[in-house]
Structure formats: C-alpha cells, structure tokens
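Engineer: What would the 3D arrangement of this be:
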Amino acid sequence: MAKLTKKQKAADGKVNPNAHYNVDEAIGLVKSLASAKFDETVEVAINLGVDPRHADQMVRGVVNLPKGTGKDVRVAVFAKGAKAEEATKAGADKVGAEDLMEEMQAGKLDYDRVIATPDMMGVVGRLGKVLGPKGLMPNPKLGTVTMDVAKAVSDAKSGQVEFRVEKAGIIHAGIGKASFPEADLKANFDAFVDAIVKAKPSGAKGKYVKKIAISSTMGPGVRLDTTEVAGA
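Structural biologist: Numbering: from 1, shown residues only. Next up is the predicted model:
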C-alpha cells in the first residue's frame with residue numbers, strides 16, 4: 001500500500017471515519033480537503049444491495065448531470081454519409097467506419113464514449129474484445145447505438161455519465177470537479193443518486209442503497225447518512 005503524504009494524513013485526520021455526514025456537510029468537507037496541484041474529480045461510491053451476477057439484479061444506465069462533469073469527453077462515432085457529417089458538426093473527436101475500426105484494433109482507444117448508427121454495428125461488432133473490457137461498446141439501452149448521433153454526441157460532451165454496478169455491488173462515478181461551487185456538486189449528486197434509485201432492479205431484495213461515500217481524487221472518503229436519500 002502506498003504511503004500517505006503529509007497532506008493526505010492531515011486530511012484523513014479531519015474526517016471522522018465513524019460519522020455519517022449529511023450531503024451538504026460532506027460536499028463542503030470534500031472540497032476543503034482537495035489540496036492536489038490539479039483540479040481533483042469529486043467521486044461518489046455507492047454500495048448497493050444487489051448481486052450483479054444475476055441478470056435481474058444488474059444496475060446500469062446513463063444520467064445527465066445538470067452542471068456537467070468538468071471533464072473534456074472524447075467521443076468517437078461510427079457513421080457514414082449524412083450521419084457522419086452530423087456527428088462531426090456536433091463535435092465528435094473522431095468519425096469513421098472501417099478505417100476507425102482498424103485504428104482501434106491497432107490500439108488507438110483514447111476515447112471516453114463510442115457511439116454508432118445501427119447500420120454500423122456489423123463493423124463495431126468486430127471490436128467486442130477491444131471495446132468490451134473498457135466499457136466502450138455501443139449499446140442501444142445506453143443511447144450509444146442511435147440514428148440521432150448529434151444528440152448522442154451532445155449529451156456525451158455536456159455531462160452525461162454512464163454507470164454500471166461492479167461485481168462487489170458498488171457503483172462509482174465522477175460528479176464534477178473540486179473547483180465546482182457546492183450547489184453545482186449537490187445538483188449533480190442529487191441527479192446521480194436519483195438515477196441509481198430509479199434504476200433499482202426487480203431482483204433487488206432488502207435495503208437497496210447500503211452505503212454512500214464522497215471523495216476527491218486524492219482525498220479521504222466521507223461517509224453519508226443514507227437516510228437522507230429518497231427511495232434508498
């Protein structure tokens with residue numbers, strides 16, 4: 001385990017590991033403890049009462065964060081003709097077809113989101129082993145296989161976040177930067193948690209939202225009082 005820096009040790013000392021803070025307190029604390037030389041990402045981790053090995057307990061979806069993520073999202077689009085032009089105008093970083101597939105097979109995967117028109121899925125399907133492990137495979141349920149490529153690119157660029165529960169029943173995502181105003185982080189937090197609650201699967205039994213913690217990239221985790229979360 002890596003040694004903590006003096007700053008990290010000092011930050012740890014300001015968080016009571018046994019306390020459960022309300023959302024406003026937690027966000028304020030996380031912002032005050034973000035002391036890195038870069039603008040740290042504020043991250044939320046949620047422990048859910050699900051076992052994602054069962055199909056009826058999988059939690060996955062997308063949410064539009066109202067205040068954006070503060071991140072420059074790189075988007076690649078598989079499209080041809082008029083749809084390729086639409087994607088380019090909407091701000092896609094790379095648009096292509098077989099040529100883009102070959103680039104990705106060669107290891108050029110510097111993208112945060114991959115979008116495709118339905119007619120291109122035959123080409124994209126050959127990238128399953130490349131895109132799948134990185135969570136980049138276009139999916140109709142997530143809005144990344146669509147004819148409306150302009151909207152999909154715009155959503156990705158303006159603050160749409162994908163979420164997917166991991167094997168241990170944990171979902172985590174960035175909800176903004178430490179430089180964001182507290183009100184903006186709170187708005188993004190509320191939108192994210194609301195989306196998780198609405199995505200509760202049919203097979204979930206017992207308490208759904210078990211634990212929530214907020215942290216910055218380099219800062220300690222701050223545990224939240226889950227009784228504040230509607231629907232949890």
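
Engineer: pLDDT-wise, which helix or strand of the chain ranks last?
Structural biologist: helix 6-13 (a mean of 51; mean pLDDT, DSSP states H and E).

Engineer: Moving C-terminal from that one, which element do we reach first?
Structural biologist: As assigned by DSSP states H and E, the chain's next helix or strand after helix 6-13 is helix 23-33.

Engineer: packing partners for that next one?
Structural biologist: strand 41-48, helix 182-198, strand 209-216, strand 222-223 (3 or more C-beta pairs under 8 Å, 6 or more residues apart in numbering; DSSP states H and E). In this view, the C-beta of every residue, glycine as well, is placed from N, C-alpha and C.

Engineer: Tabulate those (TSV), appending distance to residue 126.
Structural biologist: Listed next are the helices and strands packed on helix 23-33 as TSV, based on distance: least, C-beta to C-beta, whole Å:
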stretch	distance to residue 126
strand 41-48	33
helix 182-198	32
strand 209-216	38
strand 222-223	44
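
Engineer: would JSON lines of these with mean pLDDT and distance to residue 144 be doable?
Structural biologist: Listed next are the helices and strands packed on helix 23-33 as JSON lines, based on pLDDT from 0 to 100; distance: least, C-beta to C-beta, whole Å:
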{"stretch": "strand 41-48", "mean pLDDT": "96", "distance to residue 144": "22"}
{"stretch": "helix 182-198", "mean pLDDT": "96", "distance to residue 144": "16"}
{"stretch": "strand 209-216", "mean pLDDT": "94", "distance to residue 144": "26"}
{"stretch": "strand 222-223", "mean pLDDT": "94", "distance to residue 144": "32"}
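
Engineer: which sections of the chain are below the confidence cut-off?
Structural biologist: Scanning the chain for pLDDT under 70 picks out the ranges 1-13, 229-232.

Engineer: switch to 50 and redo it
Structural biologist: 1-4, 8, 11 (pLDDT under 50).

Engineer: before we move on, back to that, what's the closest of the helices and strands packed on helix 23-33 to residue 76?
Structural biologist: strand 41-48 (21.9 Å; C-beta to C-beta).

Engineer: and the residue of the chain positioned farthest from its centre, what are its phi and psi?
Structural biologist: The C-alpha centroid of the chain is most remote from residue 81, which lies 30.6 Å away (C-alpha atoms, centre = their mean). For residue 81, the backbone dihedrals (degrees, to the nearest 10) come out as phi 60, psi -130.

Engineer: now the one 10 residues further on
Structural biologist: Here is the backbone geometry of residue 91 (degrees, to the nearest 10): phi 110, psi 10.

Engineer: ok now do residue 213, which residues does it touch?
Structural biologist: 44-45, 221-224 (C-beta atoms under 8 Å, 6 or more residues apart in numbering).

Engineer: Of those, just say which sits nearest to residue 162.
Structural biologist: residue 44 (13.9 Å).

Engineer: Excluding sequence neighbours, find me the nearest residue to residue 69.
Structural biologist: Counting by C-beta to C-beta, 6 or more residues apart in numbering, residue 69 lies nearest to residue 159, which is 5.1 Å off, once chain neighbours are set aside.

Engineer: from what I can see the one you found touches residue 68, true?
Structural biologist: Yes: between residue 159 and residue 68 a contact is recorded at 3.7 Å, counting by C-beta atoms under 8 Å.
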